[in-house]
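Student: what would the 3D arrangement of this be:
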Amino acid sequence: MKDYLDPINSVGMPELTDSGLALEFLLTTKTGIRNLSIALTETASPALQKILRTQLDVMFDLYFEISELMVKKEWLKPYDLAGQKELDIKSAENAISIAQLDLFPKDMNRKGMFPTPPKK
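Tutor: So this is what the prediction gives:
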């Protein structure tokens with residue numbers, strides 16, 4: 001990507017953003033499941049254990065909903081290691097290209113890049 005301000009470079013960006021957010025949500029949910037499991041094993045109160053079990057069930061359901069969405073959208077390929085490897089490499093290449101962007105170019109003139117409405 002040579003010029004991140006050029007609108008042509010934003011093609012496909014919403015899907016990349018959506019897949020990134022879904023992955024982050026999936027990982028956060030997984031961490032929540034782990035933390036709730038630890039809390040459940042360290043709790044002596046039966047009332048609190050019941051609440052934590054309920055929350056754990058909700059987190060499991062959420063985790064499976066997110067992972068099903070990601071599989072359906074082909075953002076995650078848990079049963080196709082070669083396909084998942086390709087996705088991971090593409091993701092890494094995108095991260096590298098974003099990191100290499102010149103965020104403060106010397107020429108910030110964007111005149112003529114955007115369509116102007118016709119004059120009546």
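Student: where does the chain dip in pLDDT?
Tutor: Applying pLDDT under 70 to the chain flags residues 1-10, 105, 107-118, 120.
Student: so after the longest helix seen in the chain, what's the next helix or strand?
Tutor: With DSSP state H applied, the helix covering the greatest number of residues in the chain is identified as helix 13-41. In the C-terminal direction, the helix or strand that comes right after helix 13-41 (DSSP states H and E) is helix 46-72.
Student: neighbours of Thr29, just the number please.
Tutor: Counted with other CB atoms under 10 Å, the burial measure for Thr29 works out to 19 neighbours. Heads up, the C-betas are built off the backbone N, CA and C, glycines and all.
Student: what's around Met13, how many residues?
Tutor: Met13 has 11 neighbouring residues, counting by other CB under 10 Å.
Student: how far away is it from Ser19?
Tutor: When distance is defined by CB to CB, to the nearest Å, Met13 is 11 Å away from Ser19.
Student: now the common contact residues for these two.
Tutor: Taking CB atoms under 8 Å, 6 or more residues apart in numbering as the contact rule, Met13 and Ser19 have no neighbour in common.
Student: contacts only, for Lys73.
Tutor: Residues touching Lys73, when contacts are defined by CB under 8 Å, 6+ apart, comprise Asp18, Ser19, Ala22.
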